[in-house]
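Asks: missing the sequence, but the structure's below:
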């Protein structure tokens, strides 16, 4: 999605990972940390949970960032994030 640059993506919110810090935060135009647990419907109609990690909707491109604001899904929305370089909290 980072290379394509236009679309939306639903992923697990593992913000502590290198993938998030190098590929998500610097490139996604907006993020929506979804309130509650996302559920999926299987082809047989059964409803299942998404797992234990929080779910995040990512928007790439300004039009998708605006659509994410208006989608009607409850949660915390953030504009493009900036990664700050410094001492890690675990080193205090």
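Replies: Now that the structure is in, tell me what you want to look at. What you are looking at is a predicted structure, and each value in this text was computed from that prediction instead of being measured.

Asks: So, low pLDDT: which residues of this protein?
Replies: 92 (pLDDT under 70).

Asks: all strands of it, in order?
Replies: Listed in chain order, the strands of the chain (DSSP state E) span 7-12, 30-34, 39-41, 47-49, 55-60, 75-79.

Asks: out of those strands, deepest packed?
Replies: Compared across the strands of the chain, strand 55-60 shows the largest average neighbour count, a mean of 22 (mean count of other Cβ atoms under 10 Å). (Glycine included, C-beta is placed from N, CA and C.)

Asks: That one: partners in the sheet, and parallel or antiparallel?
Replies: Partners of strand 55-60 in the sheet, by DSSP bridges, are strand 7-12 (antiparallel), strand 30-34 (antiparallel).

Asks: Go ahead and name everything in contact with the helix ranked longest in the chain.
Replies: Across the chain, the longest stretch assigned as helix under DSSP state H is helix 62-70. Helix 62-70 has contacts (Cβ atoms under 8 Å, 6 or more residues apart in numbering) with 6-8, 29-30, 32, 57, 59, 77, 79.

Asks: Could you work out the most separated pair of those residues?
Replies: Farthest pair in these (Cβ to Cβ) is 6 and 77. Separation: 18.7 Å.

Asks: Beta-bridge partners for residue 55, please?
Replies: Beta-bridge partners of residue 55, as defined by DSSP bridges: residue 12.

Asks: related to what we said a few turns ago, may I see the strands paired with strand 55-60 organised as CSV, with distance to residue 52 added?
Replies: Output for the strands paired with strand 55-60, formatted as CSV (distance: least, Cβ to Cβ, whole Å):
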stretch, distance to residue 52
strand 7-12, 9
strand 30-34, 14
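
Asks: Buried ones in stretch 15-29, by neighbour count?
Replies: Under the neighbour-count criterion of 16 or more other Cβ atoms under 10 Å, stretch 15-29 has 15, 20, 24-25, 28-29 buried.

Asks: From residue 66, how far out is residue 81?
Replies: Distance of residue 81 to residue 66, computed by Cβ to Cβ, to the nearest Å: 17 Å.

Asks: Looking at those two, which one has more neighbours?
Replies: residue 81 (17 against 13; other Cβ atoms under 10 Å).
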